[in-house]
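Visitor: Test case, fold it:
(2 chains)
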2 protein chains.
Amino acid sequence: MNGFDETGTHMATAQHPSAGLMMSTPLTTQELLKRMRSAWPDSTISTVADETARFSHTVTFAEVAVRAERLAAALSALGVRTGDRVGSLLWNSAAHVELYYAATGLGAVLHTINPRLFADQIEYTIDHAEDRVLVVDATLVGTLTPLLDRLPRVEHVVVVGTPAPEVIGRVTVHAYPDLLEQAPAGFRWPELQEDLGACLCYTSGTTGNPKGVLYTHRSIVLHALIMAGTNGFRLGRHDRALALVPMFHALGWGLPFIVALTGTDLVLPGRHLGPATIATVIEREQVTWAGGVPTLWLDLLRYADAQRDARPVDLSSLRLVLSGGTKVPQPLMAAFEERYGVTVGQGWGMTETLPGATLSLADPDASGEAKRARRELAGQASPFYEFRVVDADGAPLPHDGKSVGEIEVRGPVVAAAYYGAGHTAEKFHDGWLRTGDLGAVTHDGWLDITDRAKDAIKSGGEWISSQDLEAALMRHPAVLEAAVVSVPHERWSERPAAVVATAGDDPSADELRDHLRAHVAGWWIPDEFHFVAELPRNSTGKFDKRTIRDQLRAAREERFS
Amino acid sequence: MNGFDETGTHMATAQHPSAGLMMSTPLTTQELLKRMRSAWPDSTISTVADETARFSHTVTFAEVAVRAERLAAALSALGVRTGDRVGSLLWNSAAHVELYYAATGLGAVLHTINPRLFADQIEYTIDHAEDRVLVVDATLVGTLTPLLDRLPRVEHVVVVGTPAPEVIGRVTVHAYPDLLEQAPAGFRWPELQEDLGACLCYTSGTTGNPKGVLYTHRSIVLHALIMAGTNGFRLGRHDRALALVPMFHALGWGLPFIVALTGTDLVLPGRHLGPATIATVIEREQVTWAGGVPTLWLDLLRYADAQRDARPVDLSSLRLVLSGGTKVPQPLMAAFEERYGVTVGQGWGMTETLPGATLSLADPDASGEAKRARRELAGQASPFYEFRVVDADGAPLPHDGKSVGEIEVRGPVVAAAYYGAGHTAEKFHDGWLRTGDLGAVTHDGWLDITDRAKDAIKSGGEWISSQDLEAALMRHPAVLEAAVVSVPHERWSERPAAVVATAGDDPSADELRDHLRAHVAGWWIPDEFHFVAELPRNSTGKFDKRTIRDQLRAAREERFS
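Guide: Below is the predicted model:
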C-alpha cells in the first residue's frame, strides 16, 4: 500500500475515433520515484559531508522515496499547490534529490536557483518565478538574507543543514529534518498531467535578464529514457556516478531522474569541488562514472599528475568521464585515457534542450584516426533531438559534415518558449530552436560546432555576456567605448578580454577591475585590458569583434614568438 | 529536404495555465523512421533468402527509409487513409519492416496476421479488422486465395516475392517491386497524433475468437525507448540481431522499432527457422544477439550437439540469446553457457503488454547461487511496467517474493481494452490488466511466475505449479521436454499428469518420481507419466496443453470404456 495507489493510469484513452486502445499513463516524475522504490530500493545516494571527503552521508533509494513523500506532505501542508513555484538554493545533495521529486510530484514547479549568480540576478529570478517557498542550504543563508526584504512573495524558508536561524526578517524558517518529521501521515500523490510544468531553470543568456525554461514532466521523463538508453550516458546498475555538474544547472544533466531508470548509485559532492576532494571521493566511493565541465577534469588531472611521486591518486575504479558545457580539449581526453585509463566523452546541450542532445560516447564503430576525428566533434544527435543547419536566410543546408550554418534543434525535450517572456521570438524559427551555435552536421547525425553565432564567452562552462560587460565598462566616466571578446584559455576554455577607448588619460586596469566589481560577478572580470584610440567598426557601425579578436590573436602570437 | 519537413513538432503546447513550455513533438513511428535515416544510415537489414542460408538480401537503414516512403506513397495512392487497416501476411523480412513503417507512418493501422492460425481464424481476423489492403508473401498466396471470396472488404493484394498471380478472384494483385517503382514522387508524411492506433495484433486466447490489441504510436515508441535502455534488450550499434520471433507476434518483440534507436543490424530469417539454417545464419552473418522462443534454442542446441563430431557449429559470434514466450528451462540456459559461451536471458510479456515487460538480463548484481535463484524468475519489471499481486478477492498482496496471487500490470504500454470487443471486462480490474498468470513479486520488482491461472492444478484445495514440475522434470538428463496438466481426480478434485518426450530410452516412471522428490513436495509428484515421441505445440510454439488434456481424456475414456 502506498500513496501512489490511485494515480498513474486511466483506462479510457479514446480521444478520437482512430485512437488506439492502450492505457494512458502520464509520463511524470511520480513514475520515476515509483521506480526508485520498486526496482532499486537498495541503490544509494551518498553526499560528501566535508572537504576532506572522509565522511559522507548515505541513503537508499527506498529511503529517498519515503523522505520525498514526507517532504511532499510537508510542502503541501505549508500551502504549496499545483503550479506553485518552490525555489531551491542548494548544492548537490540527497536532500536536493528529495526536493526534486517532492516538489514536482506534488504538482508544484521546482525552481533551481544558481547561487553563483550575482545577487541582483538571484533576486531577479526569485521575484520573476514568484517562489512561495525556498529551500536553502545553511551555507547560503547569508546570500539569501539581504534579498528577502525585497521578495514579498516568499512565505517560507526551509534550511538544510546547520546552523538554521529561527527566522529571517518576516519569514518563517523551518529546519529540514523537523519539517520531514512533522509531516502529516498518509500523503496521497495527486494525479498530474504530463504537460504540467515541473522544473524551472533560468539561463543567463548573452543579453538582458536571465530567461526561464519551464520543463514539463513529459520532457523530463523522455530525457531520462533517452539518456538511460544504450547509446546514452552509459549508466548501469553497477555504476557509481559522481555528479559534479550542479543540480541548479539544467537539472544536473537530469542525473537525479536518469538513475531512477538505471539503478545507478549517485555520489554527490555537496559544495566540495576541489581536485583533492574529488580525488578522495573517487577513491573512497569507488566512483566508476563522473560528469562535469572540463575545468574540473583539468584541475583533477593536474592534481593527480602532481601527486604522482608523493601519494599517487587511485583513479582505477573510474571508467568513464562525461564532460560537457563547453568543448573538451583533445589533450585532456588523451591524458586521461593514456595516463589513467579513463575514457572521456563529451556531450552538447543547452538549458533549453537539457544536456545530452548530442553525445560523443556513441562512437562504437570508429577506431584509430576515424575515432580521433569523431572526438573533435560535439557528438551524435541523441534520439528525438532533430537537428538542422540553416544559412543566413534560414534555408536548410545539407547534412554533409561541411556546410556550416546556424544549428537549429527541435523535439519533445526542446523549449518552445521562455517562461513569462513575450519577447523571445528571435530564439525560435519556424518550429525550431535557434541554438546560436554555428556548425555542420554529418550524414549520420554528428555535430561539428565551429563557432557561436553571437559573441558570448563561455568560461568554465558558464556564460559571460560580453554585452553586459561592455555596458558596465562604459559606465566608468573615463571610458568612451568598450568591446569585450573571448580569448582562448587553457583552463577555463575561454576568458573575456576587454578593449577600451577612453576620453583622456587611460585609467589603470586595476581601476577598471574595481569599477566592474560593483556591477558583475567577480569571475566575469576580464583577464586582459587593452587600451586603444578607437575601436574598429563594421559597415553598420557596430564594433567589429572579428577584427578585434584577430588583432588580439596577432598580438598574443607576437608575444609568445 | 525530405517528406518529414513539415511534421513533428508544434511550438504551442499550453493546454492549461500550469502547462510547461516545451515543444509537443508527438511520439510516432515517423520519429523512429527519421532516426533510422539520420543516425544509422549505414546499418543494415539482411533477409535470409533460402533455407541453405547461403544467400541473403541486404538493405541499409537509409534504403529502408526511402523504400518505406515510396511504399507509403503507393498505399496512399491505393486509397489507404488515416485509420484504415492494412493487413500483412508475411514472414520476417526487410519488406515487412518497410511495411511496418509505411503503413503506420501514413496513419493507417498495420494488422499483422499470423499465417500459422487455422484458416477460419485468419479469415476471422481479416474480416474483424476490416483490412482494405493485404500485403502477402508469395508462399502464402495459397493460404489466402480460398478465403478472399468471403472477405468483401479487401480491395487490393500486394505480393512480396515470386510468383505473384495477376489477380486473385475479384481482387487486383500488385507485385511489391512494381508498386514501389510506380509510387508517386514527393510524398509528404501526414501529421499524426500519438494516441492514433498504429498496429493491430490478435491474440489467440484459450477460449473464443482471437482478440485484437490496438497499439498506439505512443505505446510503440515508449516500448522501443524502454527496450533500448541499458537494462533493456542490451542491443548496441555493434550488434547484429537475429530476430527469430515472428513479426506477426506482438510486433516481433518490437525489434523493427527498437533498432531505430540502437542502430543494431537486423538479420531476418524469412520463413526458414530450422536449426541447420539458423546455425548457418549465425555463422555467416556473425550474429551477436538472437531472440526467440525456447523451442528454437532447444532445437539449435540439439543440432549443435549432434554436429560436434562432424562439422562443429561455430556460435562464437553469439554473446546473448533472449528467450521468451514461455519459461526457459534451466538446463537449456546452462548448456548454452557452458558449452557455447552464450548467455541466455529470458523475458516475460503478453500481446497485451508487448514483450519485455520483465527481463532477466537486468541481473548485474547476482552471482553464484543468487544468480541461479534469479534465473529461475521471469525477470525484473521493466520501467513503466507496474506490477501487483492480488488474492482471489482482488486485494493486493505484499511484494515479498512469497505471496502468490494473480499478477496484474498497468502502464503506458499495456492494453486498456480489446479492439471492437465489448465483452472483455473480466480481463481488466480496477485500472489494471489481469495477466492470467499466478506468481509473486520480490521487493525489488522481480517476477516469479508460478503458473498460468488456467494451467495451475488445484489438488485438495492447494495449488500445484505445472511449470515448476515441468522445469524439475526437464532437469532429468533423459528428459527433453515435459508438460504437466491437470487430470480430474475423485478425491483430490485434480491431480497432475506428466507427458514426457525423451532423448533416447525412456526412464521408468519410478525413476522420474525419485528424481522429482529432490525438487518438489511429495504431494506434487504426478500420478501419471506418459511417454511420447513429441509434445503437441500450438501456433506460437508453446506446449498445446489443451490438446494434451484432450488426448489424456480420450485415452482415459478408452481405457475405462
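Visitor: what's the neighbour count on the residue of the stretch 101-250 of chain A found nearest chain B?
Guide: In the stretch 101-250 of chain A, the residue that lies nearest chain B is residue A:216 (3.3 Å; CB to the nearest CB). (Each C-beta comes from the backbone N, C-alpha and C, glycine too.) For residue A:216, the neighbour count with other CB atoms under 10 Å in any protein chain shown is 28.
Visitor: Kindly report the same for residue A:509.
Guide: Neighbours of residue A:509 (other CB under 10 Å): 17.
Visitor: show me the contacts for it.
Guide: residue A:529 (CB atoms under 8 Å, 6 or more residues apart in numbering or on different chains).
Visitor: Next, it: phi, psi?
Guide: Torsion angles at residue A:509 (phi, psi; degrees, to the nearest 10) stand at phi -60, psi -40.
Visitor: now it: how far from chain B?
Guide: 43 Å (CB to the nearest CB, to the nearest Å).
Visitor: Check what pLDDT that residue gets.
Guide: On pLDDT, residue A:509 comes in at 90.
Visitor: likewise residue A:24?
Guide: Looking at residue A:24, its pLDDT stands at 89.
Visitor: before we move on, what about the one 10 residues further on?
Guide: Note for residue A:34: predicted pLDDT of 97.
Visitor: cool, the one 4 residues further on as well?
Guide: Residue A:38 is assigned 96 on the pLDDT scale.
Visitor: Surely it is in a strand?
Guide: No - under DSSP: H, G, I helix; E, B strand; the rest coil, residue A:38 falls outside any strand and is assigned helix.
Visitor: returning to what we had before: in this structure the residue of the stretch 101-250 of chain A closest to chain B contacts residue A:196, no?
Guide: Yes - at 6.5 Å, residue A:216 and residue A:196 qualify as touching, with contact defined as CB atoms under 8 Å.
Visitor: Would you report the backbone torsion angles of the closest residue in space to the residue of the stretch 101-250 of chain A closest to chain B that isn't next to it in sequence?
Guide: Leaving out its chain neighbours, the residue that sits closest to residue A:216 by CB to CB, 6 or more residues apart in numbering or on different chains is residue B:20, at 3.3 Å. Dihedral pair for residue B:20: phi -80, psi 180, per degrees, to the nearest 10.
Visitor: Now do the same contact list for residue B:20.
Guide: Applying CB under 8 Å, 6+ apart, we find residue B:20 in contact with A:195, A:196, A:197, A:198, A:214, A:215, A:216, A:217, A:218, A:219, B:13.
Visitor: Most widely separated two among those residues?
Guide: A:198 and B:13 (13.1 Å; CB to CB).
Visitor: shared neighbours, the two?
Guide: Jointly contacting residue A:198 and residue B:13 under the rule CB under 8 Å, 6+ apart are A:216, B:20.
Visitor: Please identify which of those two sits among more neighbours.
Guide: Per other CB under 10 Å, whichever of residue A:198 and residue B:13 has more neighbours is residue A:198, with 30 against 20.
Visitor: Name the residues of the stretch 101-250 of chain A found near chain B, please.
Guide: Neighbours of chain B within the stretch 101-250 of chain A, by CB under 8 Å from any CB of the partner chain: A:107, A:109, A:193, A:195-198, A:213-219, A:222, A:225-226, A:228-232, A:234-238.
Visitor: Now intersect those with the helices, please.
Guide: A:217, A:218, A:219, A:222, A:225, A:226 (DSSP state H).
Visitor: re the thing from before, compare the contacts of residue B:20 and tell me which is most surrounded.
Guide: Within those, most neighbours by other CB under 10 Å means residue A:219, with 33 neighbours.
Visitor: can I assume that one is in contact with residue A:353?
Guide: No - the pair residue A:219 / residue A:353 is not scored as a contact, 9.6 Å apart, by CB under 8 Å.
Visitor: which residues are in contact with both of these two?
Guide: With CB under 8 Å, 6+ apart, residue A:219 and residue A:353 have common neighbours residue A:413.
Visitor: Can you check which residues contact both of residue A:216 and residue A:196?
Guide: Joint contacts of residue A:216 and residue A:196 (CB under 8 Å, 6+ apart) are B:19, B:20.
Visitor: Nearest to the spatial middle of chain A, which residue is it?
Guide: What sits nearest the mean C-alpha location of chain A, by CA atoms, centre = their mean, is residue A:249, with 2.5 Å.
Visitor: hang on, that one packs against residue A:202?
Guide: No - Residue A:249 lies out of contact with residue A:202 (CB under 8 Å); the separation is 10.3 Å.
Visitor: intersection of neighbour lists for these two?
Guide: Shared contacts of residue A:249 and residue A:202, defined by CB under 8 Å, 6+ apart, comprise A:114, A:351.
Visitor: need the helices for the stretch 201-350 of chain A, in chain order.
Guide: Ranges of helices within the stretch 201-350 of chain A are A:217-227, A:255-262, A:275-285, A:294-307, A:330-340, based on DSSP state H, counting those that start in this stretch.
Visitor: right, I mislabeled it, should have said the stretch 451-561 of chain A
Guide: Along the stretch 451-561 of chain A, counting by DSSP H, counting those that start in this stretch, helices occupy A:466-473, A:509-517, A:545-560.
Visitor: mind checking which of the ones you listed is nearest residue B:47?
Guide: The minimum distance between residue B:47 and the helices of the stretch 451-561 of chain A falls on helix A:545-560, with 54.4 Å, by CB to CB.
Visitor: Show me what that closest one is packed against.
Guide: Here helix A:545-560 touches strand A:479-489, strand A:493-502, strand A:528-532, going by 3 or more CB pairs under 8 Å, 6 or more residues apart in numbering or on different chains; DSSP states H and E.
Visitor: what sits against residue A:413?
Guide: Contacts of residue A:413 (CB under 8 Å, 6+ apart): A:219, A:222, A:223, A:226, A:353, A:354, A:357, A:384, A:385, B:22.
Visitor: And it, what's its pLDDT?
Guide: 97.
Visitor: a helix runs through it, doesn't it?
Guide: No - going by three-state DSSP, the assignment for residue A:413 is coil, not a helix.
Visitor: quick one, phi psi at it?
Guide: Note on residue A:413: its backbone torsions stand at phi -120, psi 30 [degrees, to the nearest 10].
Visitor: how about low-confidence regions in chain A?
Guide: A:1-15, A:205-207, A:362-369, A:372, A:422-424, A:463, A:538-542, A:559-561 (pLDDT under 70).
Visitor: tell me the domain boundaries of it?
Guide: Under the assignment automatic domain parsing, the domains of chain A span A:29-292, A:457-560.
Visitor: Between those, which one is closest to residue B:339.
Guide: Closest of these to residue B:339 is domain A:29-292, at 27.1 Å (criterion: CB to CB).
Visitor: and the end-to-end length of the closest one?
Guide: 24 Å (CA to CA, to the nearest Å).
Visitor: Stretch A:100-109 too?
Guide: Counting by CA to CA, you get 9 Å between the two ends of stretch A:100-109.
Visitor: List the contacts of that stretch.
Guide: For stretch A:100-109, contacts defined as CB under 8 Å, 6+ apart pick out A:28-30, A:32-33, A:64-65, A:68-69, A:71-72, A:75-76, A:80-86, A:88, A:110, A:129, A:189-190, A:192, A:196-200, A:214, A:217, A:220, A:247, A:251, A:256-257, B:18.
Visitor: how about a cut-off of 7 Å?
Guide: A:29-30, A:33, A:68, A:71-72, A:75-76, A:80, A:82-86, A:110, A:189-190, A:192, A:196-200, A:214, A:217, A:256 (CB atoms under 7 Å, 6 or more residues apart in numbering or on different chains).
Visitor: Pull out the buried positions in it.
Guide: Residues of stretch A:100-109 classed as buried: A:100, A:101, A:102, A:103, A:104, A:105, A:106, A:107, A:108, A:109 (neighbour count, 16 or more other CB atoms under 10 Å in any protein chain shown).
Visitor: interface residues of the stretch 351-500 of chain A facing chain B?
Guide: Proximity of the stretch 351-500 of chain A to chain B, by CB under 7 Å from any CB of the partner chain, involves residues A:364-365, A:380-381, A:383-384, A:386, A:396, A:410-417, A:419, A:428, A:431, A:443-445.
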